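J.: Just to be clear, the model below is a prediction. Sequence and coordinates:
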Amino acid sequence: MTTNEKIIQAVSDELFKHEEMNVFAVLDGASIPDLLNQLHEQQPEHVCLYRGELEPDMAEVAPYLVKVEPDTDFTDWLIEKGWGKHWGVFALSHESLSALRRHFRKFLVVYDPENKPIYFRFYDPRVLRIYLPTCNAEELATVFGPVESYLLEDEDAKTALRFRNNSGALKQAKVSLTQE
């Protein structure tokens, strides 16, 4: 088994080791070539995080929430092609797609110190892995909401990061994806 195959298998194992949990991916259309075609062809349960009818160029770069199922062509494609390329983050929850959409929509726009709205790309693992450790207990409660844990790539794609809100304290675990 090649290193890449080990990583793909280990990510899949991490995502689906708790059968009672729903696994979702928050995906960045701006980072993923051909995302809309994959969603259309593979038909995973998914929804755009932006509201309303989007112009084609905006739909192409919008963030999407996708329910990820084990052993599907879409999941295989997502992990094989996207892991290590900051395509998005995974969220594990007992809630439904619509509940997670409501939750994640709250974070799409934040306000800077001058009260100017800016897009918050929380679904970029390079952003989330830096942002979460800066959160206080109240912020963690808000960011996690119905999410039990987040799984995302570390700077080195051979390591996954799992984040949990442990009673107001962030619990971070590094998971080696290449162990024998």
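T.: Ah, there it is. Owing to the predicted nature of the structure, the values given are computational and were not obtained by experimental measurement.
J.: Residue ranges in the chain under the pLDDT threshold?
T.: Along the chain, segments meeting pLDDT under 70 span 180.
J.: which SS class is residue 13?
T.: In three-state terms, and counting by DSSP: H, G, I helix; E, B strand; the rest coil, residue 13 is helix.
J.: Residue 40 now?
T.: helix.
J.: That one and residue 125, how far apart?
T.: 25 Å (Cβ to Cβ, to the nearest Å). Backbone N, C-alpha and C define where each C-beta goes, glycine included.
J.: quick one, which of these two is more surrounded?
T.: residue 125 (26 against 10; other Cβ atoms under 10 Å).
J.: Please tell me I have it right and that one contacts residue 155.
T.: No - using Cβ atoms under 8 Å as the test, residue 125 is too far from residue 155 to be in contact (9.2 Å).
J.: Excluding chain neighbours, what is closest to the most centrally placed residue in the chain?
T.: In the chain, the residue lying closest to the centroid (Cα atoms, centre = their mean) is residue 89, at 2.0 Å. Closest residue to residue 89 apart from its sequence neighbours, by Cβ to Cβ, 6 or more residues apart in numbering: residue 152 at 4.4 Å.
J.: just to revisit the earlier point, in contact with the residue nearest to the centre of the chain, which residues?
T.: By Cβ atoms under 8 Å, 6 or more residues apart in numbering, residue 89 lies in contact with 25, 26, 122, 123, 124, 125, 128, 150, 151, 152.
J.: which non-adjacent residue is nearest the third one?
T.: Distances taken as Cβ to Cβ, 6+ apart place residue 107 nearest to residue 122, at 5.1 Å, with adjacent residues excluded.
J.: that older thread, helices - which of the contacts of residue 89 land there?
T.: If you go by DSSP state H, the contacts of residue 89 have 125, 128 in helices.
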